[in-house]
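**Student:** Sequence plus the predicted model coming up.
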Number of protein chains: 2
Amino acid sequence: MSDTNSLDTLIQSLKRLPGVGIKSAQRMAFHLLQHDRAGAQVLARALHEASTLTHHCERCNTFTESNVCATCLDPRRDQSTLCVVETPADQSALERTGAYRGLYFVLMGKLSPLDGIGPNDLGLKTLFERACDGVVKEVILATNFTAEGEATAHVIGEALRERGVKPTRLARGVPAGSELEYVDLGTIAHALVDRR
Amino acid sequence: MSDTNSLDTLIQSLKRLPGVGIKSAQRMAFHLLQHDRAGAQVLARALHEASTLTHHCERCNTFTESNVCATCLDPRRDQSTLCVVETPADQSALERTGAYRGLYFVLMGKLSPLDGIGPNDLGLKTLFERACDGVVKEVILATNFTAEGEATAHVIGEALRERGVKPTRLARGVPAGSELEYVDLGTIAHALVDRR
């Protein structure tokens, strides 16, 4: 290739990003150096700032630069409902619906024994303290409907029931706009069980 | 999502990378902040260093931190052969074969009129000067065998012939290890024409 050690270092560093292999890392590095050095500088600064300034919200565990995030501080939000999601992206999806006005708890992951992620890694202690603080009346489990997300919801749900809090789960069913013929059978079975 | 402006800035900056959309950028940002802050710092430093230290080799146009790259300075290489490639990655592929001991000229792109990349953007002036310097006896055109790569080879080849240099082109033919039945017809036709 070339003798540019800083280029090799850049390619190796880009490879640490999730979903980026050696070919993509090379393409990204060449693109930045050839066509977008300003972008490289902007990204360098953004990485540095985000990784030094960002920490976890004391109340909901999402990323924030303050001690408590803006959502948790918003007085217009319903303090009695707590929605448990896996990631800030999931929180963002719920926010965009405009259908939820309560607060959140962001797990920043999901139970995944194979990856060594157990209950202690998800800040569940903080979640249980909040759920039992007397203000929260309902905990909505909105983890993903994958095997790991379901397992996470199950574990949290059981622990909440032990503490006398009855959790709810997002409804499973047929997605809006879909034709039954093309919906998978597991989804139709759930929609039948959960019919209203 | 959250009120973290540095997080939003990071996601927008990651989106500038080629092949990265909003979802990938979010995933990368969350991964770095949640699991690999050290990686974020390493990447920030690598981006800064590569984009400030790296420039183009005076002789072959590849990325280097010196004025002339190590390949061009290597006295064991055959000074009379010049291989024209599109990118440092292509050069790297040729190097890994171990079958070429000459020098390179790296275009850092290809002719692409729709993207506004013409002959002046590829450093062709430097290439033609080197090809006519009396030392170089053979110019091998090793641009990609895509429509744009072929057009680039054609334009450079014509210009070299006008200057009295006869270029060669990498052989087209059936890839090693392949069965004729599964090779596309264009490739077989080329292999027939170029048979030896």
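**Tutor:** The structure has been received and is ready for your questions.
**Student:** so where's chain A shaky on pLDDT?
**Tutor:** A:1-4 (pLDDT under 70).
**Student:** Pick out the residue nearest the middle of it.
**Tutor:** When Cα atoms, centre = their mean is applied to chain A, the residue found nearest the centroid is A:Thr87 (0.6 Å).
**Student:** quick one: that residue from A:Leu43, how far?
**Tutor:** 21 Å (Cβ to Cβ, to the nearest Å). Any C-beta I mention is one placed from the backbone N, CA and C, and that applies to glycine too.
**Student:** again with A:Leu111
**Tutor:** A:Leu111 is 33 Å from A:Leu43, by Cβ to Cβ.
**Student:** biggest strand in chain A, by residue count?
**Tutor:** Longest strand in chain A, counting residues (DSSP state E): strand A:78-85.
**Student:** what's the offset of the following helix or strand past that strand from the middle of its chain?
**Tutor:** Proceeding N to C from strand A:78-85, the next assigned helix or strand is helix A:88-97, under DSSP states H and E. A distance of 9 Å separates the C-alpha centroid of helix A:88-97 from that of its chain, computed with Cα atoms, centre = their mean, to the nearest Å.
**Student:** circling back: which residue sits closest to the residue nearest to the centre of chain A, ignoring its sequence neighbours?
**Tutor:** B:Phe30 (5.9 Å; Cβ to Cβ, 6 or more residues apart in numbering or on different chains).
**Student:** Near that neighbour, how many other residues are there?
**Tutor:** Using other Cβ atoms under 10 Å in any protein chain shown, B:Phe30 has 20 other residues around it.
**Student:** tell me what the helix or strand containing it is packed against?
**Tutor:** Using DSSP H and E, B:Phe30 sits within helix B:22-35. For helix B:22-35, the packing partners by 3 or more Cβ pairs under 8 Å, 6 or more residues apart in numbering or on different chains; DSSP states H and E come out as helix A:37-53, helix A:88-97, helix B:5-14, helix B:37-53.
**Student:** for A:His190, what are its contacts?
**Tutor:** A:Arg172, A:Gly173 (Cβ atoms under 8 Å, 6 or more residues apart in numbering or on different chains).
**Student:** before we move on, back to that, what about the longest strand of chain A and chain B, touching?
**Tutor:** No. Judged by Cβ under 8 Å from any Cβ of the partner chain, strand A:78-85 and chain B are separated, with a smallest distance of 10.9 Å.
**Student:** Give the burial count for A:Gln79, as a bare number.
**Tutor:** Neighbours of A:Gln79 (other Cβ under 10 Å): 14.
**Student:** Just give the closest residue to it, not the sequence neighbours.
**Tutor:** A:Val135 is the one closest to A:Gln79 (Cβ to Cβ, 6+ apart), at 5.4 Å.
**Student:** Please state the backbone phi and psi of the one you found?
**Tutor:** phi -80, psi -40 (degrees, to the nearest 10).
**Student:** That one contacts A:Ser80, correct?
**Tutor:** Yes. If you go by Cβ atoms under 8 Å, A:Val135 and A:Ser80 touch, sitting 6.3 Å apart.
**Student:** Are there residues contacting both of these two? Which ones?
**Tutor:** With Cβ under 8 Å, 6+ apart, A:Val135 and A:Ser80 have no common neighbours.
**Student:** re the thing from before, how about CSV for the helices and strands packed on helix B:22-35, with distance to A:Ala191 added?
**Tutor:** Shown next, in CSV, are the helices and strands packed on helix B:22-35 (distance: least, Cβ to Cβ, whole Å):
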stretch, distance to A:Ala191
helix A:37-53, 41
helix A:88-97, 19
helix B:5-14, 35
helix B:37-53, 42
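**Student:** Mean neighbour count and distance to B:Tyr100 added to those, as a markdown table?
**Tutor:** Listed next are these as a markdown table, based on neighbours: other Cβ atoms under 10 Å in any protein chain shown; distance: least, Cβ to Cβ, whole Å:
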| stretch | mean neighbour count | distance to B:Tyr100 |
| --- | --- | --- |
| helix A:37-53 | 20 | 30 |
| helix A:88-97 | 16 | 47 |
| helix B:5-14 | 21 | 37 |
| helix B:37-53 | 20 | 26 |
